[in-house]
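In: Give me a model of this one.
(2 chains)
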Amino acid sequence: MGRKPERESLVILAGLAAAMSGCSSRDDGQWRVCTDAWGRRLPDIACEQSNYYGGHGGGGWVFISHSSSAPPVGQIVTGAARSATGTVFSAPASGITRGGFGGSAEEGGAGHGAGE
Amino acid sequence: MRRQVITPRRDWQAKVEALGLLWHSAEGLPYWSEDACYTLSEAEIDRIAAASEELHQMFLAAGEHVVTHNLFARFGIPEWCVPLIRDAWENEPPALNYGRFDLALDRDGVPRLFEYNCDTPTSLVEAAVVQWHWKEEVFPRSDQFNRIHEALIERWQAIAPDLQSGTVHFAHVPDAAGEDTLTTAYMMDLAREAGLDPVRLTMREIGWGEGPNGGFFDTADRPIGTLCKLYPWEWLVAEPFGRHIAADPRGTQWIEPIWKMLWSNKAILPVLWQLYPDHPNLLGANFDPPPPGLDHVVKPMLGREGGNVKIVRGGQVLAESDGRYTGPVIYQQFLDVPEFDGHFPVIGSWMVDGTSVGVGVREGGRITTNRDRFVPHVIG
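Out: Numbering: from 1, shown residues only, chains lettered A, B, ... in the order given. Next comes the predicted model:
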């Protein structure tokens, strides 16, 4: 039975270094957000269905960078462009919250791992 | 199986660090230990590989038994998770389906199963990479049972067409020792070699957004299509975002999938014993305590890294580990593992999608914990 790997040189250091720096070749992309004429955020459906809510009142889709957070519905969308320049994603209806995972690992003292 | 005392490479610390093994020592003692190695015969490797692949089939049957007979409560699985597990079990979303059987060779050389670490297995970098480089330098003419690295790349390639996109997120906790961080970095490297685009984040950085466009998001607020986590399911579902998994409009793909809650729970051991009583590769296991006088081991169903394990022999506690794992336990037959120079080796038998792909040996006391040492092996 052959036991050896097909490749005898496993070089992971470069990969590890890149992974640790978090670098990536991703397209940064943009959020697509529906707004009214005053730049307030509307639910996406208001732009998707022209008769929904009686229309979007002269607003429409705007695009913001992924480095920005899309505000909740009803709030003013800032830093938006009228046209997209990259990959477009639909934004969630409310702001994105974080911190809801990871707490169990800290119960045994900060810095513990989760593998076994 | 033989244990051979050898001289470590003079600059072994720098060499293993260069391969990513930064946690080679703990509390002043080496965790990566190359002052010894284990020699396994071809026949022993064959037995380990065959037993592991048979165990995999038995785990499939045991999982089916749990799903069919609705035994989720016995596993302590929250009711709201059951439809998710059933769906994942039946529809088989993309999975690496990898894991590490912890086995011992008994006094007749038969592999016996202690447990299966298949949700968040570590000791991966040392098994897949570091011990191979050690062998190439120290025993270049010898062989080693180790194609873990290649098998995991092939598995990523196999599931890539079923992923939501070519971007795969990898989440971990920022552990002080660096083991989880670098194990995740290694997993990312495997995915990258398979042609995928990995993105790293910590568990705390995972974002959640409500509404039809909501779901899980990364640190740049990009939707997470596929998330490979080094974080156990039983923790995930108990945390504030846990229930969002059931309400996720985008359907983030979790690797490993939620059905691993069945196999990684030690409650699977009594189920296996019920389905395959007296199977030579199993140890007797039960949900109920054994009759007085019978040697046994008590293990928390959701214990990790040997925490809160108790060995009872001759009516006395032979060994007991501390930990933070309370809750239901299972009882497993005690195996008097052969001793090698005062060490008790446990064989980590690595599996990828049902195939045995390599082994890594750890040695320590009667109870295997995260303080045990990883000792490389060769075939001889």
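In: List the buried residues in the longest helix along chain B.
Out: Longest helix of chain B, by residue count under DSSP state H: helix B:42-68. The neighbour-count check on helix B:42-68 (16 or more other C-beta atoms under 10 Å in any protein chain shown) flags B:44-45, B:47-49, B:51-52, B:54-56, B:58-59, B:62-63, B:65-67 as buried. Glycine gets a C-beta too; all of them are placed from N, C-alpha and C.
In: try stretch B:321-330
Out: Using 16+ other C-beta under 10 Å as the test for burial, stretch B:321-330 gives B:Ser321, B:Gly323, B:Tyr325, B:Val329, B:Ile330.
In: tell me the mean pLDDT over that stretch?
Out: Averaged across stretch B:321-330, pLDDT comes to 88.
In: ok, and of the buried residues of helix B:42-68, which contact chain A?
Out: Restricting the buried residues of helix B:42-68 to those adjacent to chain A (criterion: C-beta under 8 Å from any C-beta of the partner chain) gives B:Ile45, B:Ala49.
In: Which pLDDT value goes with residue 45?
Out: As the question left the chain open, I've gone with chain A. A:Ile45 is given a pLDDT of 76.
In: I was thinking of chain B, sorry if that wasn't clear
Out: 97.
In: And it, how far from B:Asp336?
Out: As defined by C-beta to C-beta, to the nearest Å, B:Ile45 lies at a distance of 23 Å from B:Asp336.
In: same check, this time on B:Asp180
Out: Taking C-beta to C-beta as the measure, B:Asp180 and B:Asp336 are separated by 33 Å.
In: quick revisit: just the ones of the buried residues of stretch B:321-330 in strands?
Out: By the criterion of DSSP state E, membership of these in strands covers B:Val329, B:Ile330.
In: ok, the buried residues of stretch B:321-330 vs B:Ala160, which is closest?
Out: B:Tyr325 (36.0 Å; C-beta to C-beta).
In: Pick out whichever of B:Asp180 and B:Asp336 has more residues nearby.
Out: B:Asp180 (26 against 12; other C-beta atoms under 10 Å in any protein chain shown).
In: what sits against the closest residue to that one other than its chain neighbours?
Out: Among residues not flanking B:Asp180 along the chain, A:Gly113 sits closest, at 4.0 Å (C-beta to C-beta, 6 or more residues apart in numbering or on different chains). Each residue near A:Gly113 by C-beta atoms under 8 Å, 6 or more residues apart in numbering or on different chains is listed here: A:Ala105, B:Thr122, B:Val173, B:Asp175, B:Ala177, B:Glu179, B:Asp180, B:Leu230.
In: Contacts only, for B:Ser142.
Out: Counting by C-beta under 8 Å, 6+ apart, B:Ser142 has contacts B:Lys135, B:Val378, B:Ile379, B:Gly380.
In: hmm, 10 Å instead?
Out: A:Arg3, B:Cys37, B:Thr39, B:Lys135, B:Glu136, B:His377, B:Val378, B:Ile379, B:Gly380 (C-beta atoms under 10 Å, 6 or more residues apart in numbering or on different chains).
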